[in-house]
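1. Need coordinates for the following:
(one chain, ligands or ions: 1)
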Amino acid sequence: VPVTRFFADHAWLGGDTTSSAVLIEVEEDRITAVHTDTVRPADARHLRGVTLPGLANGHSHAFHRALRGRTHRSGGTFWTWREDMYAVAGALSPDAYHDLARATYAEMALAGITCVGEFHYLHHAPGGRPYADPNAMAEALTTAAHDAGIRITLLDTCYLTGGLGQELRGPQLRFGDADAARWADRVSRLRGSEHARIGAALHSVRAVPADQIKTVTAWAEEHASPLHFHLSEQRAENDACVAAHGRRPSELLDEHGALGERSTAVHATHLTGGDIRLLGRSRTTVCMCPTTERDLADGIGPARALADAGAPLSLGSDSNAVVDLFEEARGTELHERLASERRGHWSAAALLDAATGSGHASLGWPQAGRLAPGALADFVTVGLDSVRLAGTQPGTQLESLVFAATAADVRQVVVGGRQVVLDGRHTLVDDVPDALARAVTEALP
Ligand SMILES: [Zn+2]
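-> Presented below is the predicted three-dimensional model:
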């Protein structure tokens with residue numbers, strides 16, 4: 001088996017700082033050796049800057065990329081934003097969905113994202129009729145990730161009601177399987193691959209009746225798959241859940257077996273101390289999406305308290321109005337500062353772990369997200385030669401990356417040993433801005 005060697009000027013191998021002159025040896029899709037303080041061999045590919053494990057985007061809705069700008073024209077609330085989102089959801093065909101996801105995932109690759117958790121609920125044709133292939137929309141996404149050169153965990157989402165006790169209506173009809181058993185039948189027909197994992201999601205307690213939750217959690221259990229759900233993003237969700245069930249969303253999910261080490265709660269914004277204890281004790285990962293949470297005026301979730309209680313942290317771009325995990329990482333810390341009037345809740349290394357190792361674990365890829373022998377050869381290099389990062393000192397590289405880097409500073413991206421981004425250019429999608437422009441135009445109603 002041929003060995004490809006990469007020489008990183010600096011690399012983060014875990015811990016609070018970077019190592020220098022790091023030689024990474026790769027066979028097929030795996031890292032086989034990592035040596036520090038080496039001399040650069042002539043045949044090694046030179047990674048100039050700081051190399052990190054590939055970034056995991058814990059929560060994405062690819063089609064929301066078409067909303068960028070459109071949902072920013074006016075004010076309103078989460079609930080008026082949702083109506084704008086439905087307008088795009090109502091119009092997408094499988095081909096348009098593929099093209100939009102392919103371009104969006106190519107944008108993610110350029111941002112250093114090597115694995116995406118796609119929270120997918122746009123299952124059926126307009127009106128709710130299944131396509132001839134009932135998984136045509138899901139397969140559009142896994143194909144799109146393959147075409148863009150990144151890994152995907154397709155979190156196929158059970159979405160049955162328009163609100164607690166409300167029928168699906170209008171564009172929502174596309175989201176619905178008749179019940180959770182029918183959802184499970186459909187999802188069981190999906191097959192993973194080297195680059196794609198199949199996982200489960202409950203949209204939220206708004207969208208899955210209490211008596212249907214267990215079918216979804218049982219499916220995830222049986223397939224040892226990740227299980228994701230939106231949790232308490234809005235106060236109205238908590239109020240409606242308490243009114244209908246006499247329990248808060250986290251209590252209801254706990255009662256039906258949805259919390260645990262393979263589970264991820266997305267947002268977790270409006271929580272009580274009891275909710276925080278439930279999530280922490282069960283080791284449920286919490287995926288924060290700060291650029292979306294501030295965009296939608298959700299509020300600031302108690303990320304630090306959740307971590308202190310035992311909940312691992314991951315990060316997501318969610319609505320894809322911004323695709324930049326450095327911004328999500330610093331957003332998590334900086335929002336906490338605004339809420340607490342104190343600095344320094346997370347180390348830069350802890351935030352990078354959320355974007356790499358912890359993020360991959362929550363998507364069912366525990367073999368990715370670290371630079372070590374045996375791990376998948378997924379890594380990204382951030383250049384230090386931009387105006388943002390020029391002058392970065394060796395002892396503070398991780399801090400510079402978390403607090404000043406942007407997606408535009410990513411120069412090299414390797415996924416499974418294959419160079420997907422080379423010197424800032426995508427190697428599989430010729431012109432990513434053009435692909436985005438075309439796909440967004442095609443997607444809009
Ligand atoms: Zn979401």
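
2. rest of the way, CA atoms for contacts and neighbours
-> Noted.

3. and Tyr86, what pLDDT?
-> pLDDT, Tyr86: 90.

4. and it, what element?
-> Secondary-structure assignment from DSSP states H and E places Tyr86 in helix 78-89.

5. next structured bit after that helix?
-> helix 94-110.

6. Quick check: neighbours of the helix or strand following that following helix in the sheet, parallel or antiparallel?
-> The helix or strand immediately downstream of helix 94-110 is strand 113-120, counting by DSSP H and E. Using DSSP bridges, strand 113-120 pairs in its sheet with strand 55-60 (parallel), strand 151-158 (parallel).

7. tell me which residues in the helix holding Tyr86 are buried?
-> Trp81, Met85, Val88, Ala89 (16 or more other CA atoms under 10 Å).

8. show me where the stretch 201-350 of the chain has strands.
-> Taking DSSP state E, counting those that start in this stretch, the strands of the stretch 201-350 of the chain run over residues 227-231, 263-267, 285-288, 313-315.

9. Of those strands, which is nearest Leu422?
-> strand 313-315 (24.8 Å; CA to CA).

10. What lies in contact with the closest one?
-> 56-59, 285-289, 303, 307, 325, 328-329, 354-355, 358-359, 362 (CA atoms under 8 Å, 6 or more residues apart in numbering).

11. which intervals of this structure have sub-threshold pLDDT?
-> Within the chain, no stretch has pLDDT under 70.

12. Okay, and the residue of it most remote from its centre sits in which element?
-> Most distant residue from the mean C-alpha position of the chain: Ala42, 36.8 Å away (CA atoms, centre = their mean). Assigned by DSSP H and E, Ala42 belongs to no helix or strand.

13. before we move on, the earlier item: and the helix holding Tyr86, what other elements does it pack with?
-> On a contact count with 3 or more CA pairs under 8 Å, 6 or more residues apart in numbering; DSSP states H and E, helix 78-89 meets no helix or strand.

14. Other residues contacting it?
-> Contacts of helix 78-89 (CA under 8 Å, 6+ apart): 63-64, 66-67, 70-71, 122, 171-172, 296-298, 443-445.

15. Give the single residue among these positioned nearest to Tyr105.
-> When the contacts of helix 78-89 are compared against Tyr105 (criterion: CA to CA), the nearest one is Phe63, at 10.6 Å.

16. so what's that closest one up against?
-> Phe63 touches Val88, Ala89, Tyr97, Leu100, Ala101, counting by CA under 8 Å, 6+ apart.

17. of these, closest to Ala435?
-> Set against Ala435, the nearest of the contacts of Phe63 by CA to CA is Leu100 (8.1 Å).

18. and the gap between the closest one and Tyr86?
-> Plainly put, Leu100 is 16 Å away from Tyr86 if you go by CA to CA, to the nearest Å.

19. got it, and Trp365?
-> 31 Å.

20. Same check on Gly15?
-> For Gly15, the distance to Tyr86 - CA to CA - is 43 Å.

21. swap in Phe63?
-> With CA to CA as the criterion, Phe63 and Tyr86 are 11 Å apart.

22. same check, this time on Leu168
-> 12 Å.
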